[in-house]
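Chemist: my questions are about this predicted structure, shown below with the sequence.
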Amino acid sequence: MLSAALAVGFVVAADAAEIGRECLLSTKTTSLALALKDGSWNVLHYGDRVAGFSDAAALSWNRWTGGNYVQRAPSAYAVYGESAQRGYSFNKWGGLQATHADGCPTTVLVGVKAETVEDAPGAKHVALTMKDASYPFFVVQHFRALETCDVIETWVELRNEEDGAVRLGRMDSFAMGFPLLANAFSFQYVTGQWASEAQLRETPVERGQTVSIGSRSGVRDAWDNNASFMLSVGEAASETSGRVFGGVLCWSGSWGISVQRDQCDFVEVRAGADTSAGAYVLDSGKSIALPKFAFTWSSSGKGQISRNIHRWAREWQMPAGGKLRPVLLNSWEGSYFSFTEKVLHDMMDGVKEMGGELFVLDDGWFGTGKYARDDVHRDKVGLGDWVVNPEKLPNGLVGLSDEAKARGLKFGFWVEPEMVNTNSWLYEAHPDWVIRAKNRPVKVGRGGSQTVLDFSNPAVRENIYGQLDALYSKVPDLSYIKWDANADFYNIGSTYLDAQHQANLPFDYTVGLYDLLAKLRAKYPQVDIQACSSGGGHVDYGFLRYADEFWGSDDSDARERVFIQWGESQFYPACAIAAHVTDVPNHQTKRTTPLKYRFDVAMSARLGFELHPKNMDTNEVAFAKKCVADYKRIRPTVQQGDLYRLVSPYGSSHAALMYANEGATHAVVFLWGLVRGNWSDYVPPIRLDGICGEKTYRVREINVRDGVKHTLADGKRLSGESLKAMGLPVRLRGDYDSAVFELTAE
Ligand code: DGJ
């Protein structure tokens, strides 16, 4: 059967390459070359673009490794069991471990079909169908090469046509082996905790070592680590030099990513949904689509990896990534649970005066009767009851939306749809709807009563969809939802799933979450979504398929934000990073930073406010008005431009980055002091990677407060060539001084 399929030959015409058992997928600057060898797809090359498949085949190092068989078999999708087939027994486990219906624990894949798939302009899409040599178990691996951003998306579908269930001990989306590429590798990732997310780290991957990151929260998938990484091939790359592989897993549940380097410097990169709590049971006759993994390559350092992924996010992944994000005020730090309609109207007045465009009501507006989320009960009650609290808001959300509209503002509000309080009408009616192992007590987190709803159960999702639908439809001008999630799977189990399928819960929960998000997004495409989960717990590209931005941390201290946003910027574009100007002393760190510093940091991403404007004096309001007006001018470049990280905050007394628009006719440079010594930490000229040497720029400092300027170049017309050669001369005075410069080509 297999040979018959092979005999007809495959027709994969990607990048005009003539392909039978060969596949060359190229983007503007990268190529992935795969060859069907010994029945399965091997990687000949991934990296800089090659001229054609025959070159890749001729130059492929792994063809010349003599007796070292392992180097000759770098799989495009490595599975547990292929070592047996290929006669080597190194410790590579592959990304797929399937125990077949008869108990056979290994899989041996052979190619049966390769085809091009119709796709959008700019996308070259191939689907490689493989089958187990002995079982009717199918694997379809998709590759979708996106020309303009140099990103390749890949995902895998599994289909079980065996007589019984197949148990998936591992089911990674990506499990690619790379033949010898270098003799050194290092792995960059971000790690963190609540209010200190996205701290940048890098570790060498030594010979014989596996480096892994992941999350098993079930919900807050991006707290410990983010599902993204860069792998330097050779010595650790810098922002502007070095060879780097970068990837992101698009998944909002539990996940794992690992890089394994063996004794021969063969590297296997794996990324996928986590199954460490038990094998996923794929029933006979069923299929499963595993999460998407997107990857890219740069030979000019890490900055290019970020720019590629940012462009991919804006152009291909996010629902409206090309749209400019509004300046908003969120009510949380300005009032927490203690608000009246009057307080909220005053906030609207304040943000309107400063030039804001959207008002967002945070937590505390819902729940009724004994479960009203009022100022006394706060976070202990009400989650799951998505009905307005009439005591607090007699005119409801519609009343608030009308008030916002009357002021020329858009309106949005906060919800936490994945969650329930045991103190709620929903829980009273459906105590079996929460995540809980059978015969175990319910475990709770925040407020002593919060836990997670079982979204593997369609009835639960229907109920929440019905409640949200009723709510959304009542507010005709609704334009924004903040989607929060403040708990993990505390007692993992499902009273909905039967005994055999308990371990399917983490995966099925996330599929259920996406089902709910997709339905809401489809019915209300005009309602933007902010992904939030106790700050940065939902910062991932699975959620950003449905959401427009994220709240990356509950730490709103501007100095801390320099680090947090630096970490986020590795993979997430500025338009997605919500950054709010808040009050001082900061509510999390108690640090006091100047208002200018807070603006200078927040304006480097999606600017917003999270304070009560009545606490600002007239001078501060006047400064804020000017900043917002300037932000609106620079917003297209900041939110949609290319990012150049110029000076890292790690190991430095200051940090700087720049955004440049297409063609670099407009650029904005942000410079932030951290904590500096008096004499030792003068700031060297800022080297402006990313501006154009052939252009002439007018340099202008903006956000100037009390007439204090930070560069002698202010107002000057200077050639890009000279600016590149000498850098921008700048000066900072003391802790938390900062500056923003605008460069306009003339
Ligand atoms: C956690 C979020 O991160 C905060 O921004 C805020 O929305 C609170 N939840 C509200 O309970």
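Modeler: That came in fine, so what should we check first? Numbering: from 1, shown residues only.

Chemist: please pull out the lowest mean pLDDT helix or strand from this protein.
Modeler: None of the helices or strands of the chain scores lower by mean pLDDT, DSSP states H and E than helix 2-7, at a mean of 30.

Chemist: residues in contact with whatever helix or strand comes next after it: which ones?
Modeler: Counting by DSSP states H and E, the next helix or strand C-terminal to helix 2-7 is strand 22-26. Outside strand 22-26, the residues within contact range by C-beta atoms under 8 Å, 6 or more residues apart in numbering are 12, 14-15, 17, 31-36, 41, 49-50, 52-53, 56-57, 114, 124, 126, 128, 143, 145, 152. Just so you know, the C-beta spots here come from the backbone N, C-alpha and C atoms, and that holds for glycine as well.

Chemist: for the stretch 451-600 of the chain, what lies in contact range of the ligand?
Modeler: Residues of the stretch 451-600 of the chain lying close to the ligand by C-beta under 6 Å from any ligand atom are 484, 486, 532, 534, 535, 551, 554.

Chemist: skipping its backbone neighbours, what lies nearest the fourth one in space?
Modeler: To tie it back to what came earlier, the one meant is residue 534. The spatially closest residue to residue 534, leaving aside those adjacent along the chain, is residue 486, at 4.8 Å (C-beta to C-beta, 6 or more residues apart in numbering).

Chemist: the fifth one too?
Modeler: Once its chain neighbours are removed from consideration, residue 535 has its nearest residue in residue 554; the separation is 3.8 Å (C-beta to C-beta, 6+ apart).

Chemist: who's in contact with the one you found?
Modeler: When contacts are counted by C-beta under 8 Å, 6+ apart, residue 554 touches 194, 195, 534, 535, 588.

Chemist: so how many other residues sit close to the third one?
Modeler: Put plainly, it is residue 534. 22 (other C-beta atoms under 10 Å).

Chemist: all strands of the stretch 201-350 of the chain, in order?
Modeler: Assignment of strands within the stretch 201-350 of the chain using DSSP state E, counting those that start in this stretch yields the ranges 210-215, 228-233, 243-249, 255-261, 267-273, 280-282, 287-289, 293-298, 328-330.

Chemist: ok so, going back, can you tell me how far the residue nearest to residue 535 is from residue 163?
Modeler: Here residue 554 is placed at a distance of 51 Å from residue 163 (C-beta to C-beta, to the nearest Å).

Chemist: next one: residue 365
Modeler: Distance, residue 365 to residue 163, by C-beta to C-beta: 53 Å.

Chemist: and for residue 198?
Modeler: Applying C-beta to C-beta, one obtains 47 Å for the distance of residue 198 from residue 163.

Chemist: more neighbours: which of these two?
Modeler: Counted by other C-beta under 10 Å, residue 198 and residue 163 do not tie: residue 198 has more neighbours, with 29 against 12.

Chemist: now the more buried one: closest residue in space that isn't a chain neighbour?
Modeler: Skipping the residues right next to it in sequence, residue 198 comes nearest to residue 567 by C-beta to C-beta, 6+ apart, at 3.0 Å.

Chemist: in stretch 33-44, what's buried?
Modeler: Buried residues in stretch 33-44, defined by neighbour count with 16 or more other C-beta atoms under 10 Å: 33, 34, 35, 36, 37, 39, 40, 41, 42, 43, 44.

Chemist: now do stretch 358-377
Modeler: Taking 16+ other C-beta under 10 Å as the neighbour-count basis, stretch 358-377 is seen to contain the buried residues 358-368, 371-374, 377.

Chemist: would you format the strands of the stretch 201-350 of the chain as CSV with distance to residue 624, mean pLDDT and mean neighbour count included?
Modeler: As requested, the strands of the stretch 201-350 of the chain are exported to CSV (distance: least, C-beta to C-beta, whole Å; pLDDT from 0 to 100; neighbours: other C-beta atoms under 10 Å):
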stretch, distance to residue 624, mean pLDDT, mean neighbour count
strand 210-215, 37, 97, 19
strand 228-233, 34, 98, 25
strand 243-249, 35, 98, 25
strand 255-261, 40, 96, 24
strand 267-273, 43, 95, 25
strand 280-282, 51, 98, 22
strand 287-289, 47, 98, 15
strand 293-298, 38, 98, 26
strand 328-330, 11, 98, 27
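
Chemist: I figured residue 588 hits residue 195, correct?
Modeler: Yes. With contact defined as C-beta atoms under 8 Å, residue 588 reaches residue 195; the gap is 5.5 Å.

Chemist: next one: the closest residue to the ligand within the stretch 351-500 of the chain from residue 415, what distance?
Modeler: Using C-beta to the nearest ligand atom, the closest approach of the stretch 351-500 of the chain to the ligand is made by residue 363 at 3.5 Å. Between residue 363 and residue 415 the computed distance is 9 Å (C-beta to C-beta).

Chemist: hey, what's in contact with both of these two?
Modeler: Common neighbours of residue 363 and residue 415 (criterion: C-beta under 8 Å, 6+ apart): residue 484.

Chemist: show me the shaky parts of the stretch 551-700 of the chain.
Modeler: Screening the stretch 551-700 of the chain residue by residue with the criterion pLDDT under 70, one finds the ranges 678-680.

Chemist: show me the strands in it, by range?
Modeler: Listed in chain order, the strands of the stretch 551-700 of the chain (DSSP E, counting those that start in this stretch) span residues 577-582, 606-610, 642-647, 654-660, 666-673, 696-702.

Chemist: okay if I get those as JSON lines plus mean neighbour count and distance to residue 630?
Modeler: Compiled in JSON lines, these are given as follows (neighbours: other C-beta atoms under 10 Å; distance: least, C-beta to C-beta, whole Å):
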{"stretch": "strand 577-582", "mean neighbour count": "24", "distance to residue 630": "14"}
{"stretch": "strand 606-610", "mean neighbour count": "26", "distance to residue 630": "10"}
{"stretch": "strand 642-647", "mean neighbour count": "21", "distance to residue 630": "19"}
{"stretch": "strand 654-660", "mean neighbour count": "24", "distance to residue 630": "14"}
{"stretch": "strand 666-673", "mean neighbour count": "25", "distance to residue 630": "10"}
{"stretch": "strand 696-702", "mean neighbour count": "18", "distance to residue 630": "5"}
